[in-house]
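Chemist: using only what follows, build the 3D model:
(2 chains)
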Amino acid sequence: MTRRSSASAFALIAALALGACGQDNTGDAPPPGGTTFSGATFLIFPNPQLQADGTIQTDTAGYAQAYYRAIDPNNNKDTLAKWKMANGFDGPMGTQVSVVFGDRRDLGYGRRMVMRRNIDCTVAAYVENYLVSSVVDYSFSTLNLEAAVQRVLKWHVSTNAIEYSPGPAGVVPFLKFYQFDATTGNRNMAVDLDGRGDKAMPGPCISCHGGRADALTPPGAGGLPLFALVQNTASVHRGDAQARMQPFDVDTFAFSSTPGFTRADQEAALKLMNTWVLGTYPIQAASGFAEDACRPTTAFFQYTWQGTAADLIKAAYGGNGLPNTTFSDTFVPAGWAGNPALYQNVVAPYCRACHLLRGVGPQSDIDFNSLAEFQGFADRIKAMVFDRGKMPLAKIPFENFWSSGAANTLATFLDGQGQPVARDGAGNPLRPGRPIADPGPSRTIRTGATTLSGANSLFSSTYSWSFVSNPGGAATLTNPNSVQPTFTTNVNATYVLQLVTGNGSAQSAPVQFSLVVNSALTPIPSAIRFADIKAVLQSAGPACTACHAPGDQPPLFYTNVDRNGDGLTNATDDLWFYTELRGRINFTDIAASPILRKPSGNHHGGDLRPAFDLSGGALPGAAARADYDLFLNWILNGAPFQ
Amino acid sequence: MGRARFTVTAALLGTLCGPPAVLAAQLFDYRIEAAYTYDDNVTRSEGAGNVLSDKFLTLNFNVGKSFRLTDHTRLVAGLFLGGDAYDKYDGLSRYFGGIQGELQYRTSGEFDAATFGLFFRGSGDQYDSELRDGYRYTAGVRVLKPLSDRIDLFAAVAYNKRDGKSTVFDTEDYAARVNLDYSLGRGGTVYLGAEYRNGDVVSTSPASLPLITIAEAVVVDDAFTDRLAYRIKADTIITTLGYNIAFGAGHALDFSWRWAQATATDSPGFGGVDKPRYVVNQYSIAYLFRF
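Modeler: You can find the predicted model right below:
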C-alpha cells in the first residue's frame, strides 16, 4: 500500500458508515483537463459552407442525398452487393487482388481491401474497416489489424468503396465514394470515420482525396438541390468533386506476421494496386511506359490537376518502368531541395496525403510540392494548424503531429516566415483549444451605428471589446462585453479597436482591427447586393471573366451563361451564379474566403485584381482596395442576393 | 477469491460451534488473522508473459456477536476490517471493511442436527488501483451439518456482486460450494472444499483479440503496465485443501492450497481459437487468534 495514504482507510470506513451502496463508474471516464478542442470538426472542410441558419451544408443529409443523386440517380449501387456487381467484382473482365493492412497513420483501421481494374481501365476498391473500439478512444492498434486478418465481424464497423468510372451522364471517368453498413450492406448517408460522430457523405472522404466542398446548386427541374458542377474537371459531371485516389503509402502501413498477410506476402499485390491508382492520374501526353497505359490525357490538362502524386508512386518503385518490387518512400520533390528535413519530418507525414491530391494547373501551389508553395501558405498553415486545429485533418495524424517533434519544427519554420506561433513558458508550441479572438477584418463603414461580431472567435465564451484609439472620443461601444457590440460614431476618422476573448481563466491575445469611418461611403454596406458584386466580376480592367468563362476552364463561370441548361439565360441562372459564388465565402473565417484571397493575389496563378491590392498596408477605404472592401462589406452583411 | 479462505474453517466454526445443546447468546467474539499468500497468477491470465505472480500479506480483524432470537434461531452480526499488501503489484493492495450478518436456524439440540443460515455480507474496497475501488455484496443460504464426531459438512449457494469504479469491475456471479472438515482431534483439522461459480471474472492481459472480442467490458488496467482488464463471462471451479491446527488459548495456524480454473463461456469464434481459460494457485499460511 504505497501509493495512496492511510487516509483512504478512513474514507473507506466513513463511506461504509454512511451506508454507501452505489459506485459510479468514474474509472471509465477520460482523465480531466485538456483543452476545449474536441476534434469534432476533423474531416470537415475548412470552408464547410456555413448557412444563414447556422447549419453546415456539407454536413447535412441533403448534401449526401444530392451527391448520390448525382452519381447514382437510379440507386443502382445502394447496397454493397449491387455496387460490387456494377463494378464487375469477381467477374472475368479485369484483374482483382486483395490485401490486409493496418492504416496506422491516417484512420487507424485494420483494413481488408479488395481492388480490381477492369479492361476498360475503370478501377474500383472496397475496404472492410475493422476497429476494436471498446478500450480507449478511437486510435490505431494492432488489434484492429488482427481483427481484419481474422475477419472478426464484431469489429467490422463499415465498408468504404471507391469507384473510378464514368458518371451516369458521361463518358469520362471520375472518382466516386460510397460507404456501406457493415451488417446490412446498405449505403450510408453519413459516416463516423474517427469516433467524432457521423458526418455527411462524401465530405469525410473527399476532404482528404483532393475534393472540393462547393455549395449545392438550387433545385433544378427535379425540384431537389443539385450537387455542384465544377467546370474545371475533365468529366464536367455533377458529383465529380475533383477527388483522386490516394497512393498506397505502403511504408506507413502495419502488417501482420500471420502467413499470407505479411508485407512480403502482399508486396506484389500492393504494387499492382499502386499501379492501378497511377493509372487514374491524368498525364499531359501519352507515355510509353506500361504503368502509364491507362492514364487519361485531356485537352484541358493545363487547367486540371497535374497528377503530382504520380511522381511519388513512380519514385517509390524506382522511377519510370517501376523496376523495383518493393515500395520505398524516400521521395523528396525537387522543389524541396532547400529544406528536405521540413518535407520529410512535417509535410510528408502530416500534410502530403491530402495536399498532394489538391490544386489545379493554374494554381497548384496548395499541393505543397515545393518549399516555395508551402511558404506561400504560411499564414494559413499557422491559422489551420496552431490556432484553429483543423489540420492535420484527421484525429490520428493530428495526435501524432502533436506528440512528435513536428509541431515544434513547423512552428520554428513559421516563426521564420513572419508567422510567429504562440508558445508556452517552456517554449513549446501551444496546442489549439486556447481562445483565439476574431473580430473580423479591418473595414470601412458609414457613420452611425455598426454591429460588430466576434462570433468567429475560436474556443471562446467571453468577449471584451475596447478602443485602442478613439480620436476625440467621438465613438462609443455599446455592450462591449458581448459577442456583438455596437459601434457608433458620427465623426469620420480611423478608429482602432481590439477584441480579447476568453474561456474560463484563459484569455486570448488581443486582436486589433481598424474601422475607417466615411460618411460618404457608397454603396452603404448594408445596401450591397449580389448585383454589385457581379458588376465588379464582369467589369473590365481586366475582367475576371477573361478566365472565368466558357472556353477556358475555371472552376466557376462569372459570365452570364445558361447554368441550368434550360436554353435561357435568366434570373434562375443568376440565382445559381449567386449560389456558386456564395460557396466561395468562408463564413467561419471570413478573411480566408477564396473570393477575397484569390483576387487579392493569393494562390491565383499570380493574378492580382485591380482594387483588391492589400499590399503596403493600405487601410480600408483606399482606392487600391476598393473592390476588396466592397466584397468584404457584402460578406459581413451576410452576402445577400437581393 | 483470497478473502474467503477462512470462512468455512474458522468463521463458521467460531460462530456455530459454540455450546452444542443450545444456540446461546454469546459475548463479543474477536478474531485476528494474519496471512501470507503466494499467488501464481495475479493477472488471472494465461500464456507465457501474460501470467504474473506475487506475494501478499493480509491482516484482518473481525468482531462478532450473536443474539438469541428463539430456542432454534439466532442472529449473528459482525464487522470486519483489514487489508492486503502486495509485494510487486501495488495496485492490488487494498483496505477493506464491512459488515456481515446471518440468521441461523438449528433444527434441534441433537449433535448431528443441521444448522441453516441465511447470510449477507457487504464490504467496501479501497485499492491502490482506483479502477478496483468499490463495494462487494454477497447473499445466500448455507447449511452446516456434522456427519460424525470428526466430520462436518458445509454447503452453500450464494449470489455475489461487485460494484467497482470501472465497469470492468462491476461483476456478479452465482456460486455453489461444499466443504468437508475432518477433525484429527488434537492433531488439527483437515478441510477440503469445492466451489462452482457462473458469472463474471476479470482477466488482465496485454491486448488480446480473443479476449477483447468476448469481453463485456475492457479498461486499461491501472494495476499493471500496458495491460488491459477484461470482464468476461466464465465458468469457474475452485478447490481448496487445507490444514488447521490450534495451539494455546485461541491460537491456530492454517495452511491451505487453493486451485481455481476459469473458462470463458463464449468463444471468440475465429481462427480456431479456443475459449480463453486461466488457472490460479494460491498457497497460504495464516495465523489466527481468537479472544
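
Chemist: assign a three-state SS to the residue in the stretch 201-350 of chain A that chain B sits nearest to, would you?
Modeler: Nearest residue of the stretch 201-350 of chain A to chain B, counting by Cβ to the nearest Cβ: A:Thr258, 8.9 Å away. C-beta coordinates here come from the backbone N, C-alpha and C atoms, glycine included. For A:Thr258, the assignment made with DSSP: H, G, I helix; E, B strand; the rest coil gives coil.

Chemist: got the phi and psi for it?
Modeler: Dihedral angles phi and psi of A:Thr258 (degrees, to the nearest 10) take the values phi -70, psi 130.

Chemist: for it, which non-adjacent residue is closest in space?
Modeler: In space, and not counting its chain neighbours, A:Thr258 is closest to A:Val149: 5.3 Å by Cβ to Cβ, 6 or more residues apart in numbering or on different chains.

Chemist: if we can go back for a sec, any idea of the pLDDT on the residue of the stretch 201-350 of chain A closest to chain B?
Modeler: Turning to A:Thr258, the model gives it a pLDDT of 96.

Chemist: wait, doesn't A:Cys351 sit right on A:Phe368?
Modeler: Yes. At 5.7 Å, A:Cys351 and A:Phe368 qualify as touching, with contact defined as Cβ atoms under 8 Å.

Chemist: more crowded one of the two?
Modeler: A:Phe368 (27 against 24; other Cβ atoms under 10 Å in any protein chain shown).

Chemist: secondary structure element for A:Leu619?
Modeler: In the assignment (DSSP states H and E), A:Leu619 maps to no helix and no strand.

Chemist: just the pLDDT at it, thanks.
Modeler: Looking at A:Leu619, its pLDDT reads 90.

Chemist: OK, contacts around it?
Modeler: Neighbour list for A:Leu619: A:442, A:494, A:514, A:516 [criterion: Cβ atoms under 8 Å, 6 or more residues apart in numbering or on different chains].

Chemist: what is the burial count for the nearest residue to the first one once chain neighbours are set aside?
Modeler: Yep, that's A:Ser442 we're talking about. Here the nearest residue to A:Ser442 in space, its sequence neighbours aside, is A:Ser514; by Cβ to Cβ, 6+ apart that works out to 4.1 Å. Neighbours of A:Ser514 under the rule other Cβ under 10 Å: 18.

Chemist: what do you get for the one 5 residues further on?
Modeler: For A:Ser519, the count of nearby residues is 12 (other Cβ under 10 Å).

Chemist: and B:Thr167, how far from B:Leu131?
Modeler: Distance, B:Thr167 to B:Leu131, using Cβ to Cβ, to the nearest Å: 9 Å.

Chemist: next one: stretch B:158-171 to chain centre, how far?
Modeler: 15 Å (Cα atoms, centre = their mean, to the nearest Å).

Chemist: for it, how far is the first residue from the last?
Modeler: Stretch B:158-171 has an end-to-end distance of 14 Å (Cα to Cα, to the nearest Å).

Chemist: wait, what's in contact with A:Ala234?
Modeler: A:172, A:174, A:282, A:296, A:298, A:300, A:304.

Chemist: so where's the stretch 451-600 of chain A uncertain?
Modeler: The stretch 451-600 of chain A contains no residues with pLDDT under 70.

Chemist: for chain B, what is the nearest residue in it?
Modeler: Counting by Cβ to the nearest Cβ, the stretch 451-600 of chain A gets nearest chain B through A:Gly504, at 26.0 Å.

Chemist: helices of the stretch 351-500 of chain A, start to end?
Modeler: Under the criterion DSSP state H, counting those that start in this stretch, the stretch 351-500 of chain A contains helices at A:352-355, A:371-376, A:378-381, A:395-403, A:406-416.

Chemist: hmm, back to that, ranking by neighbours, what's the top pick from the contacts of A:Leu619?
Modeler: Most surrounded of those: other Cβ under 10 Å gives A:Ser442, at 20 neighbours.

Chemist: surely that one is in contact with A:Pro620?
Modeler: Yes. Contact criterion Cβ under 8 Å: A:Ser442 and A:Pro620 qualify, at 5.2 Å.

Chemist: mutual contacts of these two, please.
Modeler: Here A:Ser442 and A:Pro620 share the contacting residues A:514-516, scored by Cβ under 8 Å, 6+ apart.

Chemist: ok, residue 61 - contacts?
Modeler: With no chain named, the answer covers chain A. Residues in contact with A:Ala61 (Cβ under 8 Å, 6+ apart) are A:189-190, A:200.

Chemist: hm, I was asking about chain B
Modeler: The contact partners of B:Phe61, by Cβ under 8 Å, 6+ apart, come to B:30-33, B:80-82.

Chemist: and B:Phe224, by the same measure?
Modeler: Going by Cβ under 8 Å, 6+ apart, B:Phe224 touches B:43, B:52, B:89, B:91, B:204.

Chemist: kindly reformat these as CSV containing neighbour count, pLDDT and secondary structure.
Modeler: Shown next, in CSV, are these (neighbours: other Cβ atoms under 10 Å in any protein chain shown; pLDDT from 0 to 100; DSSP: H, G, I helix; E, B strand; the rest coil):
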residue, neighbour count, pLDDT, secondary structure
B:Thr43, 25, 97, coil
B:Leu52, 17, 97, coil
B:Tyr89, 20, 97, coil
B:Gly91, 22, 96, helix
B:Thr204, 26, 97, strand
